[in-house]
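Novice: Coordinates for the following, if possible.
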Amino acid sequence: MKTIIVTGASGLVARFLIHELVKNIEYNVIAVSRDKDRIESLLKNTTVKCINYDELSNYVSGCVLIHCAFTRSNDGKLVTESLDLTQKIFIHACKYNAESIINISSRSVYIEPNDGCLNTESSPLNYGLFYSIGKIVAENMLQNLCADTKIKYTNLRIASVNELKLDNTMVRPLNVFVKNVIERKPIKIVGGNQMMSYIDPRDVATSIVKLLQVPQWQPIYNIGTGWMCTKRLIELANMVVKIGSQLGYNEVPIVIEEKEIYQRAGLDISKITTDTGWIPQISLEMMIKDLYIMLQ
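Specialist: Modelled structure (predicted):
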């Protein structure tokens, strides 16, 4: 039985990943968090063992370590704290001979692609945000620490993950649009030509499970949806209104404040697809319908 350790276990990607991993009886899954009581409550109906970071060295030998723990804020202090934790975790993994390490990175490490293009793993990097710099440093840290070891590793640059919630500062436009339709309020957009790209956390989880099944990894993989879930903001708003109408909600007006905002997003996923056979399954339509179910 292979031991899979997932850090940052209370986070969005980690929670979906853990629930996907426990479907495989060949995996012994260990969840790591600063708040051990919380993850024990979240995972109480599973076979997952929950530990805190001080206990990590007791389990890491021979394991697959999947490092999800990192702030989602652009606050410099929080990014620094996340890097300190990341360094400790990676050093422990190398010192106690982990079998392999998967580091969850972000598509924000890239400079935005040109119109009509997607970022590849060799696209130029973005050094303009504390968050993106932190993710780049974490990737380099992993590469350097594993350089003189036999530990297999990779960094997964994840597209923006769709969240079914409206209770923090990381609210996605999709969530706001759906809520407005439900509450019969106009959808207000500034610009509208911004290119947005999303991935469902269920697809992130299945991509990682697929990766666990192949013997060799490349140092970097993009995990996204290619063009499948990459649309202009105005297109997203129109999709939300149309799907809402199909579900019985009244159509609401879309009010556009004209403004030229350059924003492009989207990941080329041909490398992960070629190496593992994984392709995303959750469309934007499915994500939007899930939001209506959750928010109604």
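
Novice: so which helix or strand takes in Lys77?
Specialist: Using DSSP states H and E, Lys77 falls within helix 76-95.

Novice: Run the chain-centre distance for the very next helix or strand once past that helix.
Specialist: Downstream of helix 76-95, the next assigned helix or strand under DSSP H and E is strand 100-106. Relative to its chain's centre, strand 100-106 lies at 11 Å (C-alpha atoms, centre = their mean, to the nearest Å).

Novice: Equivalent analysis for stretch 270-283, please.
Specialist: On C-alpha atoms, centre = their mean, the centre of stretch 270-283 falls 15 Å from the chain's centre.

Novice: Residues contacting that stretch, please?
Specialist: Residues from elsewhere that reach stretch 270-283 (C-beta atoms under 8 Å, 6 or more residues apart in numbering): 120-121, 199-200, 202-203, 206-207, 210-211, 213-214, 216-218, 221-226, 228-229, 269. For every residue, glycine as well, the C-beta is placed using N, CA and C.

Novice: Show me which residues of that stretch are buried.
Specialist: For stretch 270-283, burial by neighbour count (16 or more other C-beta atoms under 10 Å) applies to 272-273, 275-276, 278, 280, 282.

Novice: Return the subset of those residues lying in helices.
Specialist: Judged by DSSP state H, helices contain the following of these: 272-273, 275-276.

Novice: ok, of the residues you listed, which one's closest to Asn58?
Specialist: Lowest distance from Asn58 to these (C-beta to C-beta) belongs to Thr276, with 30.8 Å.

Novice: what about the closest residue to the closest one other than its chain neighbours, which SS state?
Specialist: Excluding the flanking residues, the one nearest Thr276 by C-beta to C-beta, 6 or more residues apart in numbering is Lys210, at 4.1 Å. At Lys210 the chain is in helix, as set by DSSP: H, G, I helix; E, B strand; the rest coil.

Novice: Give me the neighbour count for Lys210.
Specialist: Here the count is done by other C-beta atoms under 10 Å, and Lys210 has 16 residues near it.

Novice: Need the outlier residue of this protein, farthest from its centre.
Specialist: Within the chain, Asn250 marks the point farthest from the mean C-alpha position, 32.7 Å out by C-alpha atoms, centre = their mean.

Novice: re earlier: if you count neighbours, what's buried in the helix holding Lys77?
Specialist: The neighbour-count criterion (16+ other C-beta under 10 Å) identifies 78-79, 82-83, 85-86, 89-90, 92-94 as the buried residues of helix 76-95.

Novice: what does stretch 126-141 give?
Specialist: So for stretch 126-141, counting by 16+ other C-beta under 10 Å, buried means 126, 130-139, 141.
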